[in-house]
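Trainee: Next come a sequence and a model predicted from it.
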Amino acid sequence: MSKSAFIVPEPYGPIPSVRQLLWHRREFYGFLHFTTNTFTDKEWGYGDESPGIFNPAAFDADQMVGVAAGAGMCGLILTCKHHDGFCLWPSRFTEHSVKNSPWRGGKGDVVREVSDACARHGIGFGVYLSPWDRNHADYGTPAYIAYFRSQLNELTSEYGELFEVWFDGANGGDGYYGGAREVRSIDRQTYYDWEKTYEIVRRNQPNAVMFSDAGPDVRWVGNEEGIAGDPCWSTINRDLFFPGIDKESFKTGLSSDMVAAWDSPQDLLNAGDRDGTSWLPAECDVSIRPGWFYHSADDEKVRTPENLLDLYFQSVGRGASMLLNLPPDRRGLIHENDVRSLHGFSRQRDDLFKRNLANNGRFTASHTRGGDSAFAPERVADGNPDTYWSADDGICTPELTIDFLQPVTFNTVSLREFLPLGQRITRFAIDVQEGGRWNEWCSTSGIGARRLVKAEPCTTQRVRLRIVEAPVCPAISEFGLYYGERGEHL
């Protein structure tokens, strides 16, 4: 056994599970909001829509997935059933599905086609299954839970490997409900019996993360604008609220129930908690258009490439993920305007990160853990996410310096911590040497999965990472310097 095996730092605080670690590495992936709403021009269907209106005559899963993969997305999540209850697969448990639509002569399966296309293009596939169903006659009764679980079992056992299963927090209200046309209310804290429900996912898809406001693996960021808090901690308190406690108690933690957390404080969801007791990272969901479903009236309201780059910095760049919705149009294609903007964003992002200036520098550090090369400062630029620079126990504020033979100009810094050891650094600063003196270029809180900082361009031959505050020694797996054009607001 090597010397380094005996001196690996102890983890600090909550640490991610294996499935969460796999999810963290995706960073940027997409949503496909598609159902009868696409053909009724609605955002939320009532549940009385006829399957006959669903007929995307030019449906092409490879076009959708190809657009996403070409833009650097690592996966796609499909709204297999939204609140209207219409199923994009021929579920054995309802007639309200594609099997009673004219599309593909009633023999089609959107879920299958998108899943297969994701496999062909080498990206992950995920499913969205709305707990609320405004079509089903049994919604609000125990019989519906059996129905919901049967559908969840179908989606998680018959469509290959999934990277994420997405549960919406909207539940209960007015709906068609098999012709009753009434308002139905449920107790979101108890109705779905989530502990038993998500056992289905764990059994069928052990590597898939589950999303809801409260997790159990990934939390909502508290808004649908794609913006994480600054900082946005991956740790959070989720065990301080229990059913029956008044809403004032939400100020101290999340509900442990997957759907009841809909009422959780948005500032807590947005920022997390530095001293949180659970690893529950944030996902930033946002649509490329004003709505989640396609509306022709929004064809000229698609987000610009510059705006998308800004959102990337405010989500991925704050340790969260970026979940960007690309709503297929009535043809069953990603609209040309969306494609144009998405590819423009991809080009800007690729241009920014194509050259890591730090690779041309020489790395030194004030401390190296055990004097062991396994923890040497150059580990931050070896391209291996499983190696890292660290210092001895008790050395909580060390420094790492990059020296260049010739001056370099940068305006972007990328940092990553080695997540299996937890989120260790509270605050850091980047300094640049000018005229023989160190000047602070930036100072901010939180690194985690990734921290992107973009500021005014600076030309220098020496750059220093200074750990300002940390309860334990650092474990930094990446330190990159880049130069690129600015987005709209950065």
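Mentor: Received, thanks. Numbering: from 1, shown residues only.
Trainee: Now the strand or helix carrying residue 346: buried residues?
Mentor: Here residue 346, judged by DSSP states H and E, is contained in helix 336-353. Going by neighbour count (16 or more other Cβ atoms under 10 Å), the buried part of helix 336-353 is 337-339, 341-342, 344-346, 348-349, 352. Backbone N, C-alpha and C define where each C-beta goes, glycine included.
Trainee: Report all helices and strands that it contacts.
Mentor: helix 61-70, helix 305-315, strand 475-482 (3 or more Cβ pairs under 8 Å, 6 or more residues apart in numbering; DSSP states H and E).
Trainee: related to what we said a few turns ago, which of the buried residues of helix 336-353 lies closest to residue 40?
Mentor: Closest to residue 40 out of these is residue 338 (20.1 Å), distances taken as Cβ to Cβ.
Trainee: ok, the closest one touching residue 304?
Mentor: No: at 11.6 Å, residue 338 does not count as touching residue 304 under the criterion of Cβ atoms under 8 Å.
Trainee: Any chance of JSON lines for the helices and strands packed on helix 336-353, columns mean neighbour count?
Mentor: Shown next, in JSON lines, are these (neighbours: other Cβ atoms under 10 Å):
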{"stretch": "helix 61-70", "mean neighbour count": "21"}
{"stretch": "helix 305-315", "mean neighbour count": "23"}
{"stretch": "strand 475-482", "mean neighbour count": "23"}
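Trainee: do you know which of these lies nearest residue 109?
Mentor: With respect to residue 109, and counting by Cβ to Cβ, the nearest of the helices and strands packed on helix 336-353 is helix 61-70 at 10.3 Å.
Trainee: Hey, what's the angle from the helix holding residue 346 to helix 305-315? Just curious.
Mentor: Angle, helix 336-353 to helix 305-315, by axes from the mean of the first three to the mean of the last three Cα atoms, to 10 degrees: 60 degrees.
Trainee: what's the angle between helix 336-353 and strand 475-482?
Mentor: 100 degrees.
Trainee: Give me the contacts around helix 336-353.
Mentor: Here helix 336-353 makes contact (Cβ atoms under 8 Å, 6 or more residues apart in numbering) with 67, 70-72, 288-289, 299-300, 302-306, 308-309, 312, 324, 326-327, 412, 414, 480, 482-485, 487.
Trainee: at 7 Å instead, please
Mentor: Identification of contacts with helix 336-353 by Cβ atoms under 7 Å, 6 or more residues apart in numbering yields 67, 70-72, 288, 299, 302-305, 308-309, 312, 326, 412, 482, 484-485.
Trainee: what is the mean pLDDT for that helix?
Mentor: Averaging the model's pLDDT scores along helix 336-353 yields 97.
Trainee: Next secondary structure element downstream of the lowest-mean-pLDDT helix or strand in the chain?
Mentor: Across the helices and strands of the chain, the lowest-confidence element by mean pLDDT, DSSP states H and E is helix 266-271, at a mean of 89. Counting by DSSP H and E, the next helix or strand C-terminal to helix 266-271 is strand 278-279.
Trainee: helices or strands up against that following strand?
Mentor: Secondary-structure packing of strand 278-279 (3 or more Cβ pairs under 7 Å, 6 or more residues apart in numbering; DSSP states H and E): strand 235-236.
Trainee: on that earlier part again, which SSE is immediately downstream of the helix holding residue 346?
Mentor: Sequence-wise, the next helix or strand downstream of helix 336-353 (DSSP H and E) is strand 362-365.
Trainee: how about that next one: buried residues?
Mentor: Neighbour-count burial for strand 362-365, with 16+ other Cβ under 10 Å as criterion, is recorded at 363, 365.
Trainee: tell me the mean pLDDT over it?
Mentor: 98.
Trainee: what sits up against it?
Mentor: For strand 362-365, contacts defined as Cβ under 7 Å, 6+ apart pick out 377-378, 380-381, 389, 398-403.
Trainee: Pull up the pairing partners for it, direction included.
Mentor: Here strand 362-365 is paired, per DSSP bridges, with strand 399-417 (antiparallel).
Trainee: Output the contacting helices and strands for the helix or strand following the strand it pairs with.
Mentor: From strand 399-417 onward toward the C-terminus, using DSSP H and E, the following helix or strand is strand 427-434. Using 3+ Cβ pairs under 7 Å, 6+ apart, the elements in contact with strand 427-434 are strand 437-445, strand 451-469.
Trainee: Tell me the buried residues in strand 427-434?
Mentor: Quick answer for strand 427-434 (16+ other Cβ under 10 Å): 427-432.
Trainee: Stretch 468-475 now?
Mentor: 470, 472-475.
Trainee: From the recorded domain assignment, give the ranges for the protein.
Mentor: Per automatic domain parsing, the structural domains of the chain span 18-353, 356-482.
Trainee: now the last one, how far from the centre of its chain.
Mentor: Between the mean C-alpha point of domain 356-482 and the mean C-alpha point of its chain there is a distance of 25 Å (Cα atoms, centre = their mean, to the nearest Å).
Trainee: now do the same end-to-end measure for that domain.
Mentor: 6 Å (Cα to Cα, to the nearest Å).
Trainee: circling back: distance between the helix holding residue 346 and the chain's centre?
Mentor: On Cα atoms, centre = their mean, the centre of helix 336-353 falls 19 Å from the chain's centre.
Trainee: would you list the helices and strands packed on helix 336-353 in CSV and tack on distance to residue 117?
Mentor: What follows is those, written out as CSV (distance: least, Cβ to Cβ, whole Å):
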stretch, distance to residue 117
helix 61-70, 4
helix 305-315, 23
strand 475-482, 32
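Trainee: And for the helix or strand where residue 114 lies, what's in contact with it?
Mentor: Under the criterion of DSSP H and E, residue 114 resides in helix 110-121. Helix 110-121 is contacted by residues 32, 61-62, 64-66, 69, 76, 78, 80, 88-89, 98, 124-125, 155, 159-160 when judged by Cβ under 7 Å, 6+ apart.
Trainee: can we see that at 8 Å?
Mentor: Against helix 110-121 from outside (Cβ under 8 Å, 6+ apart): 32, 34, 59, 61-62, 64-66, 68-69, 75-76, 78, 80, 88-89, 98, 124-125, 127, 155, 159-160.
Trainee: That helix to helix 61-70, inter-axis angle?
Mentor: 50 degrees.
Trainee: what are the pairing partners of the next helix or strand after helix 110-121, and which direction each?
Mentor: For helix 110-121, the following helix or strand on the C-terminal side (DSSP H and E) is strand 124-129. Sheet pairing for strand 124-129, assigned by DSSP bridges, gives strand 75-81 (parallel), strand 164-166 (parallel).
Trainee: ok so, going back, can you say which of the helices and strands packed on helix 336-353 is nearest to residue 358?
Mentor: Of these, nearest to residue 358 by Cβ to Cβ is strand 475-482, at 4.6 Å.
Trainee: quick one, the closest one and strand 427-434 angle?
Mentor: Using the same axes, to 10 degrees: strand 475-482 against strand 427-434 is 40 degrees.
Trainee: For the least confident helix or strand of the chain, list every residue counted as buried.
Mentor: 268-271.
Trainee: Same check on stretch 130-143?
Mentor: So, applying 16+ other Cβ under 10 Å, buried residues of stretch 130-143: 130-136, 139-140.
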